[in-house]
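Participant: Predicted model and sequence below, questions to follow.
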Amino acid sequence: MIWAIIIITGLFTFVMRFVMLSGIAPRKLPTIFEDARSFVPIAVLTAILVPAVLTGKENNIMLLDNAQLPAAFVAVVVALISRSIVITIIIGLGALWLLKFMGFP
């Protein structure tokens, strides 16, 4: 049974990739997919960053005594003002390190 599942999923993966690379599929995506594609980076980054900022060592949500939360707010404000990834990272990490140095848990 397990071999049948492995073979079927392998064939499915091969067919999906073959269709996209062979020229059978249309070269241009429909406009609704083109529009939706612009939201993918923000959705992925939100899914990665929100748990990293809000969860503690025991994987529970921490709103109080959480140094990452104010540092994240500072980084968001800097990102909105500067529109620079490097400046946002430097200021956000600096804010986090400063909060940790000042004794914020």
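Facilitator: Done, it's in.
Participant: Helix or strand: which one has the spatially most central residue of the chain?
Facilitator: Nearest residue to the geometric centre of the chain (Cα atoms, centre = their mean): L45, 2.2 Å. Using DSSP states H and E, L45 sits in helix 40-54.
Participant: can I see the domain layout of the protein?
Facilitator: Domains of the chain are assigned by automatic domain parsing as 1-38, 39-105.
Participant: right, so those: which one is the most enclosed?
Facilitator: Among the domains of the chain, domain 39-105 has the highest mean neighbour count (mean count of other Cβ atoms under 10 Å), at a mean of 13. Heads up, the C-betas are built off the backbone N, CA and C, glycines and all.
Participant: Straight-line length of that one, end to end?
Facilitator: Domain 39-105 has an end-to-end distance of 34 Å (Cα to Cα, to the nearest Å).
Participant: now that domain, how far from the centre of its chain.
Facilitator: Relative to the chain's own centre, domain 39-105 is displaced by 13 Å; criterion: Cα atoms, centre = their mean, to the nearest Å.
Participant: what does stretch 4-16 give?
Facilitator: With Cα atoms, centre = their mean as the basis, stretch 4-16 stands 28 Å off its chain's centre.
Participant: hey, C-alpha coordinates of it in CSV?
Facilitator: The C-alpha trace of stretch 4-16 is given here as CSV (Å, rounded to 0.1, in the frame of the first residue of the first chain):
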residue,chain,number,x,y,z
ALA,A,4,1.4,2.6,-4.3
ILE,A,5,1.1,5.9,-2.5
ILE,A,6,4.8,6.7,-3.1
ILE,A,7,4.5,5.9,-6.9
ILE,A,8,1.2,7.9,-7.2
THR,A,9,2.6,11.0,-5.5
GLY,A,10,5.8,10.7,-7.6
LEU,A,11,3.8,10.5,-10.8
PHE,A,12,1.6,13.4,-9.7
THR,A,13,4.7,15.6,-8.9
PHE,A,14,6.3,14.6,-12.3
VAL,A,15,3.2,15.5,-14.2
MET,A,16,2.7,18.8,-12.5
